[in-house]
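**Student:** Dropping the sequence and predicted coords here.
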Amino acid sequence: MLRSLLLNLSKSSWAKRQIASFWVAKRVAGRFVAGELPEDAIRAITDLNARGIVATVDHLGESVTDSDEAVRAAEAYLDILDRIAEAKVRSNASLKLSQLGLNLSLDLCAANLRKVLERARSLGLFIRIDMEDSPSVDRTLEIYQRMRSAAFDNTGVVIQAYLYRSEQDVARLLKSNTRFRLCKGAYQEPASVAYPAKRDVDASFFKLGTMMLDAAAAAKLPADPRGITPPIPGLATHDEKLVRALLAYAEARHIPKSFYEFQMLHGIRRDLQEELAAQGYGVRVYVPYGREWYPYFMRRLAERPANLWFFVSNFLRA
């Protein structure tokens, strides 16, 4: 119930005005968000690289309401890609199609994405297309397929384990050596389309993760040693039990460490990130930045009670 409340608040304009106005909210959001400016993101990535961890950077913002906003979002990505190349940091980039105009026009969104992919390709960089709520899945996959058909092989997608449909999507996309990020899912979804119980989401995550690991072993597509182009499965979870179970599966089948990586969020389970990196596993951290931090921040609070308590305790001390 609390999770549902927080996810609903993440979409509320009045809640955004109230919560984002508290200085303590911005302070606590700093645990999860690198900062508001692109240079803040580059600093965070540089720090991660120094610890043997690669990154994917995300310019925060979603569900734009006019075409000018969508064009500006694409331009922001062109800027951060140039900065990544100039700084020579080990990072790719992640983006949401609703930020590029998905809810306005498929053609507008595709045109904006093409600009980003072209710049990324010219710089030798990779773009991850994030998955959003369930009504966006088919349109997201349609645009992804358009880009692959247009010979953009420097892109991949995200699959959410809590959706019933995801096993079929994974089976279909694996035929084209899609480079996935697998996550549990962070949106409010009805029981008609998504598993409502955590144990079922966990079981789905493990099953999809093993499908991706098997495909990685068969395709022999390791990560780029620079940390730019990821392997087929980016296993995005902070759940240590799932991490250990997937490690055991991969090791039992002698799947090389370079054929998969673990992905986590900036500010969450840094201890686990560093442990895995020290053991030679690929670790990639999602580094968000930008002024539109509120929806992202609220979804992080909804994910784990510890995150919410961190916010409340800091609020009470303010």
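**Tutor:** Yep, it's here.
**Student:** Going by C-alpha atoms from here, please, whenever you check contacts or count neighbours.
**Tutor:** OK.
**Student:** mind listing what A73 touches?
**Tutor:** A73 makes contact with 61, 99-100, according to CA atoms under 8 Å, 6 or more residues apart in numbering.
**Student:** can we see that at 7 Å?
**Tutor:** By CA atoms under 7 Å, 6 or more residues apart in numbering, A73 lies in contact with 99-100.
**Student:** List the buried residues of whatever helix or strand it lives in.
**Tutor:** Using DSSP states H and E, A73 sits within helix 67-87. Judged by neighbour count (16 or more other CA atoms under 10 Å), helix 67-87 contains these buried residues: 67, 69-71, 73-78, 80-85.
**Student:** Which one of the residues you listed is nearest to P38?
**Tutor:** Nearest to P38 out of those is I80 (CA to CA; 6.3 Å).
**Student:** is it true that V283 lies in a strand?
**Tutor:** Yes - under DSSP: H, G, I helix; E, B strand; the rest coil, V283 sits within a strand.
**Student:** Measure how buried it is and give me the count.
**Tutor:** Counted with other CA atoms under 10 Å, the neighbours of V283 add up to 26.
**Student:** residue boundaries of the helices in the chain?
**Tutor:** With DSSP state H as the criterion, the chain has helices at 2-10, 13-20, 23-29, 38-50, 67-87, 106-123, 137-149, 166-173, 198-219, 240-252, 270-278, 294-303, 305-317.
**Student:** Any idea how many residues pack against A197?
**Tutor:** Neighbour number of A197 under other CA under 10 Å is 10.
**Student:** I misspoke; the intended subject was S149.
**Tutor:** 10.
**Student:** ok, now which ones touch it?
**Tutor:** Neighbouring residues of S149 by CA under 7 Å, 6+ apart: there are none.
**Student:** roughly how far apart are it and S176?
**Tutor:** Relative to S176, S149 is positioned 11 Å away (CA to CA, to the nearest Å).
**Student:** re the thing from before, most packed of the helices of the chain?
**Tutor:** helix 294-303 (a mean of 21; mean count of other CA atoms under 10 Å).
**Student:** Send over stretch 274-287 as CSV, restricted to the C-alpha atoms.
**Tutor:** Extracted C-alpha coordinates of stretch 274-287, given in CSV (Å, rounded to 0.1, in the frame of the first residue of the first chain):
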residue,chain,number,x,y,z
GLU,A,274,32.6,-2.9,-4.9
GLU,A,275,32.7,-6.5,-3.7
LEU,A,276,31.6,-7.8,-7.2
ALA,A,277,34.1,-5.4,-9.0
ALA,A,278,36.9,-6.6,-6.7
GLN,A,279,36.1,-10.2,-7.7
GLY,A,280,36.4,-9.4,-11.4
TYR,A,281,32.7,-9.2,-12.3
GLY,A,282,31.5,-6.5,-14.5
VAL,A,283,29.6,-3.8,-12.6
ARG,A,284,27.8,-0.9,-14.2
VAL,A,285,26.1,1.9,-12.1
TYR,A,286,23.2,3.9,-13.4
VAL,A,287,24.1,7.6,-12.9
